[in-house]
Structures are given as structure tokens and as C-alpha cells.
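S.K.: let's see this in three dimensions:
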Amino acid sequence: MDTLVGTAIEVLLAITGRFAVWLFSLGRWRAESLDGEEGRIYGAAGALSFIREGRRVITATGQLFAGILFCVFFAGLGMLYAVLV
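M.R.: Residues are numbered from 1 along each chain as shown. The predicted structure is shown next:
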């Protein structure tokens, strides 16, 4: 059961990261599909992003990190709001 919950959280964070990449890059960057092999083929080992055909591509691991940072950012904003109000 713990594995299932952990996997669900990881996928949710990766989808959040995909949205954050789209939102903050204004469509200039793209995210690879979560089940794709594009990052393994074109990116260096352990790369979070790479450039392909002149466009920045965020790997699945990069999407996970972007999702975590997005959630931490909004948690910080929520704490700041709670302190100031």
C-alpha cells in the first residue's frame, strides 16, 4: 500500500511539474511524456533537461523536481500569507 501511495504522489508531483514548466516557460519549453525514453536517448545521464531541435525539453525527473519546487513555493506563500494576515 505504501508503494502505491508513493507512486501516486510521485506522479502527481510530476504532473504538477509539467504544468509548472508550461506555465513559467510560456510554451517555449516542453516536457517529455512520463513514459517516454526521450531523456535516455538524447539527454546525458541524470540530466534534468536537454535541448532537442532547438527547444528545451524537461525530462521526467526534471518534472518531478519542478513539481516539488512548485509545491514548496506555494507552501511558502501560504505561510507568508498566514503570518501577515
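
S.K.: what helix or strand is the most centrally placed residue in the chain on?
M.R.: Centroid-nearest residue in the chain, with CA atoms, centre = their mean: Gln63, separated by 2.0 Å. Per DSSP states H and E: Gln63 is located in helix 60-84.

S.K.: quick revisit: quick check, the residue nearest to the centre of the chain in contact with Trp29.
M.R.: No - using CB atoms under 8 Å, Gln63 is not in contact with Trp29, being 10.8 Å away. In short, each C-beta sits where N, CA and C put it, glycine included.

S.K.: who touches both of those two?
M.R.: Common contact partners of Gln63 and Trp29 (CB atoms under 8 Å, 6 or more residues apart in numbering): Val21.

S.K.: give the next helix or strand downstream of the worst-scoring helix or strand of the chain on mean pLDDT.
M.R.: For the chain, the helix or strand with the lowest mean confidence is helix 38-42, at a mean of 78 (criterion: mean pLDDT, DSSP states H and E). Helices and strands here follow DSSP H and E; after helix 38-42, the next one along the chain is strand 49-52.

S.K.: what comes up buried for the next helix or strand along the chain from that next one?
M.R.: Using DSSP H and E, the helix or strand that follows strand 49-52 in sequence is strand 55-58. Neighbour-count burial for strand 55-58, with 16 or more other CB atoms under 10 Å as criterion, is recorded at Val57, Ile58.

S.K.: which other residues reach strand 55-58?
M.R.: Residues outside strand 55-58 that contact it (CB under 8 Å, 6+ apart) are 17-18, 21, 25, 28-32, 38-39, 42-43, 48-51, 66.

S.K.: check stretch 6-23 too.
M.R.: With CB under 8 Å, 6+ apart as the test, stretch 6-23 has contacts from 29-31, 34, 58, 60, 62-71.
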